[in-house]
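Novice: just to be clear, the model below is a prediction. Sequence and coordinates:
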Amino acid sequence: MGIMDTARTVQNDEIEIDLREIFFLLLDKALIIILVTLLFATAAFAYTKFLVTPMYRSTTSIYVLNKQNDGAVTSSDLTASAQLTYDYSQLIKSRSVAEEVIKRLHLDMTPDALIRRISTSTPSNSRIINISVLDTNPEIAKKIADTVRKEAAIKIQEVTACEAVNMVDEANVPKTRYSPSYRRNVGIGGALGFVLTVGIIVFLHLSDDTIKTSDDVEKYLGLSTLGSIPVKANSATNKKKKFILNKKGDK
């Protein structure tokens, strides 16, 4: 068994990771890590800016009241309305509401595609339901949100026989895009480049089983070195060149 085979056997039996050695390795490769991180972050920015279509979100809100008896609104009426907000949210995103909105606005999309653009939320301990719609055009987003609110109010009253569905806020015209987020995408791209570069550098370092220094001999073979002989890489090449020249001269 040769020296290299012995080294590999020792490495296979036990792999020791020197964190200090890894730290200085990464410090030595810091320029490469920074450049790759910046490259990935720049690529993420370019992808977000030129390849991703910006989306705008418009939000409107309604107040649903479900009265159990005639007369003044009681606390039980408010409690019942709050408990039914989940049912109301499902009715807002129902297929029949989506189909009616598409019909009224002459939208070129399927009901399922429209439903995926609609989201609802209810503040804690509240009977107010927020209806949000995403679209590539801010004006269209507002029109869809308002139409969804109107059609959903009709649907809720038909199905639940509630007392009233009142508008709290009309849909707004969004001034800024909702997605994509440059900051988030650039951060994700930079983090991916950093982790990938560090991982590759550490992997190549740990998988390199060649013995380069006297410290490696002591570490992997358990042998003490008496000394080292420096090798000049260019000496053999220079001798070869001289030999060729002399040979030509002899001719």
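Specialist: Perfect, I can see it now.
Novice: the stretch 1-150 of the chain: helices as residue ranges?
Specialist: For the stretch 1-150 of the chain, the helices defined by DSSP state H, counting those that start in this stretch occupy 3-13, 19-28, 30-50, 75-83, 85-92, 95-105, 111-117, 138-160.
Novice: how about those helices, which one is nearest Ser179?
Specialist: Within these, the stretch nearest Ser179 is helix 30-50; the backing value is 9.6 Å (C-beta to C-beta). Any C-beta I mention is one placed from the backbone N, CA and C, and that applies to glycine too.
Novice: residues contacting that closest one, please?
Specialist: For helix 30-50, the external contacting residues (C-beta atoms under 8 Å, 6 or more residues apart in numbering) are 26, 180, 182, 185-190, 192-194, 196-198, 201.
Novice: which pair in these spans the largest distance?
Specialist: Comparing all pairs in these by C-beta to C-beta, the longest separation belongs to Leu26 and Pro180, at 31.3 Å.
Novice: just to revisit the earlier point, closest to Ala98 among the contacts of helix 30-50?
Specialist: The closest of those, once distances to Ala98 are taken by C-beta to C-beta, is Pro180, at 24.7 Å.
Novice: what's the neighbour count on that closest one?
Specialist: 17 (other C-beta atoms under 10 Å).
Novice: just Thr60 next, same as before
Specialist: 24.
Novice: if I look at it, how far off is Ala98?
Specialist: Note on Thr60: its distance to Ala98, by C-beta to C-beta, to the nearest Å, is 16 Å.
Novice: and Met167, that's in a helix?
Specialist: No: assessed with DSSP: H, G, I helix; E, B strand; the rest coil, Met167 is strand; it does not lie in a helix.
Novice: burial count for it?
Specialist: Met167, neighbours per other C-beta under 10 Å, totals 14.
Novice: coming back round to it: just the buried members of the contacts of helix 30-50?
Specialist: Leu26, Pro180, Asn185, Val186, Gly189, Gly190, Leu192, Gly193, Phe194, Thr197, Val198, Ile201 (16 or more other C-beta atoms under 10 Å).
Novice: surely the second one and Pro54 touch.
Specialist: What it means is Pro180. Yes: because the distance of 7.0 Å satisfies C-beta atoms under 8 Å, Pro180 is recorded as touching Pro54.
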